Structures are given as C-alpha cells and as structure tokens.
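Participant: Provided below for reference: sequence and predicted model.
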Amino acid sequence: MFQQVKIRRISEEIEGQIKTAIIGGKLKPGERLPPERELTQLLGVSRVSVREALKTLQGLGFVEVRKGGGCFVRSLLADKLKSPLNLVIKDNAGKFLELMEVRKEIEAWSAFHAANRADKNDLDNIKRITDEMNRYLTAEKAPPNRLDADFHMAISQASHNTIQSHLTFTIYDVFSAYFVFLTERICFHQKYLETIRDQHQAIFKSIEDRHAEEARNNMIDHLVFVEAELRHLVSTPISEPVHQ
C-alpha cells in the first residue's frame with residue numbers, strides 16, 4: 001500500500017522546474033537561460049546544484065551549453081527532425097521548396113492562432129522586430145537575416161502552442177543552413193526589402209487587430225512571394241551550400 005518517501009536532491013528540483021518551464025512554453029526554443037549566478041540567486045541554491053541540474057538537462061536534450069555563450073533551450077524535436085531533413089535537402093536542393101510548402105502550412109496556422117491568442121508581450125515583441133527592420137530600411141541599409149527568422153519565430157510563439165514553437169524552431173534551424181547562401185543570390189534591392197517589410201507589417205497589423213483569417217492569408221501571401229524568389233534560384237544549377 002505504501003511506498004518509501006523519496007527526498008529529492010536540490011539539483012533534481014532545479015531540473016524539474018526548468019523542464020516544466022520548457023514543456024509549458026515559458027522557456028522557448030532558442031531562448032537563453034539566466035546565467036548560473038543569477039539562477040543561484042533566483043532559486044536560492046548553490047552553484048554546484050545548478051550546474052548538476054543543467055548537466056542532466058543537457059544529457060536529456062532539453063538544453064545545450066555553448067562554450068562561452070551560456071545555456072540555451074533546445075528544440076524538443078531537433079534530434080528526430082534536423083539531421084534527416086539536412087540530409088534530404090543536401091542530396092536534392094529542390095526539396096528546399098518542399099520545406100517552403102511545409103512552412104506555408106505551419107506558419108499560416110501560427111498567424112491564425114496568434115491573432116486569437118497573442119498577449120501584450122507577444123505583440124510588443126513582434127512590433128519591436130518590425131520596427132527594427134523598418135529602421136534599417138529607412139537608413140537604406142539591408143536588415144540582418146536574423147530579423148526575418150525572429151519575426152516568424154515570434155509569431156509562432158504567440159500561438160501559445162509549445163509543440164508548434166519547437167517545430168517551427170527546428171525548421172528554421174534547418175533553413176538557416178541554406179538561408180544566407182540562397183538569399184545572397186537574390187537581388188536584395190531596396191524595393192524587394194520594402195516589400196518584405198510591408199508584408200511583415202500587414203501580418204502584424206492583422207494579428208494586433210485580432211483578424212485571424214486575414215492574418216492567415218497575409219502570411220500565405222508573404223511566403224508565396226518568398227517562395228517565388230527561391231523557385232527562381234533553384235531552377236538554375238547551384239553549388240552545394242556550406243553548412244553552419
């Protein structure tokens with residue numbers, strides 16, 4: 001009837017809290033955890049216990065420790081999806097377009113639900129990203145590639161679906177290995193960049209206004225536009241991309 005009561009070690013309690021935050025979506029894929037010193041203060045524990053917990057979480061695949069860069073939340077789907085997808089795309093560049101088709105389905109879903117579920121923090125985050133892109137264009141400078149990924153990831157996270165966020169993160173992780181290579185071949189003139197900017201702003205506005213179907217359609221229109229550029233690129237022979 002009864003079982004012995006097990007007293008959990010402090011590191012196990014820390015591990016449990018971080019794991020719960022990841023699974024519950026409070027810690028998002030790619031997000032950096034607070035530094036060890038800050039975690040010890042927040043949790044009221046020793047640095048040794050924090051390190052032990054992070055080591056266990058790393059072994060389980062929940063986080064990755066980057067040398068000199070801190071500890072980051074990993075995609076829960078990375079091990080199952082990333083390597084096979086990389087191999088498929090490496091062997092056939094045309095499969096990159098199939099990944100774009102998947103993006104259209106997934107991200108249209110994200111935009112629709114973000115319009116219904118986004119909270120103030122989500123909206124502020126998306127607006128911050130669109131404003132930053134606009135500042136670059138106003139200064140007649142090309143926005144960094146990270147802003148595009150940040151925009152789409154912020155919408156995915158605004159859908160408040162943990163599995164969705166991790167799936168989108170994994171796809172973008174695969175996409176990033178080819179993104180710079182491909183986009184360098186697109187003539188990124190001011191008009192093209194302004195079109196991307198305007199499309200992002202239209203998506204954000206429909207999410208902010210809670211127009212779910214409009215948000216979905218705006219996202220599809222945006223990705224169809226991007227896909228057309230990529231189709232033009234892969235229609236001509238290209239050398240193999242350098243993997244990151």
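Facilitator: Received it, and whenever you're ready, just let me know what you need. Residues are numbered from 1 along each chain as shown.
Participant: tell me the SS of the residue nearest to residue 134 when sequence neighbours are not counted?
Facilitator: Spatial nearest neighbour of residue 134, chain neighbours left out: residue 197 (6.0 Å); criterion: Cβ to Cβ, 6 or more residues apart in numbering. Using the backbone N, CA and C atoms, a C-beta is placed for each residue, glycine as well. Applying DSSP: H, G, I helix; E, B strand; the rest coil to residue 197 yields a three-state assignment of helix.
Participant: so who does residue 197 touch?
Facilitator: 130, 133-134, 137 (Cβ atoms under 8 Å, 6 or more residues apart in numbering).
Participant: Ok, residue 102 next?
Facilitator: Going by Cβ under 8 Å, 6+ apart, residue 102 touches residue 171.
Participant: just to confirm, which helix or strand has it in it?
Facilitator: helix 95-117 (DSSP states H and E).
Participant: same question, residue 147
Facilitator: helix 145-158.
Participant: Show me where the chain dips below the pLDDT cut-off.
Facilitator: Scanning the chain for pLDDT under 70 picks out 1-8, 77-95, 175-189, 233-244.
Participant: circling back: run the chain-centre distance for the helix holding residue 147.
Facilitator: Helix 145-158 sits 6 Å away from the centroid of its parent chain (Cα atoms, centre = their mean, to the nearest Å).
Participant: quick one: that helix to helix 95-117, angle?
Facilitator: Orientation note: helix 145-158 sits at an angle of 50 degrees relative to helix 95-117 (axes from the mean of the first three to the mean of the last three Cα atoms, to 10 degrees).
Participant: Export helix 145-158 to CSV, keeping only CA atoms.
Facilitator: The C-alpha coordinates for helix 145-158 follow below in CSV (Å, rounded to 0.1, in the frame of the first residue of the first chain):
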residue,chain,number,x,y,z
ASN,A,145,18.9,37.9,-41.7
ARG,A,146,18.2,37.2,-38.1
LEU,A,147,15.3,39.7,-38.1
ASP,A,148,13.3,37.7,-40.6
ALA,A,149,13.7,34.5,-38.5
ASP,A,150,13.0,36.4,-35.3
PHE,A,151,9.7,37.8,-36.8
HIS,A,152,8.4,34.3,-37.8
MET,A,153,9.5,32.7,-34.5
ALA,A,154,7.8,35.5,-32.5
ILE,A,155,4.5,34.7,-34.3
SER,A,156,4.9,31.0,-33.7
GLN,A,157,5.5,31.7,-30.0
ALA,A,158,2.5,34.0,-30.0
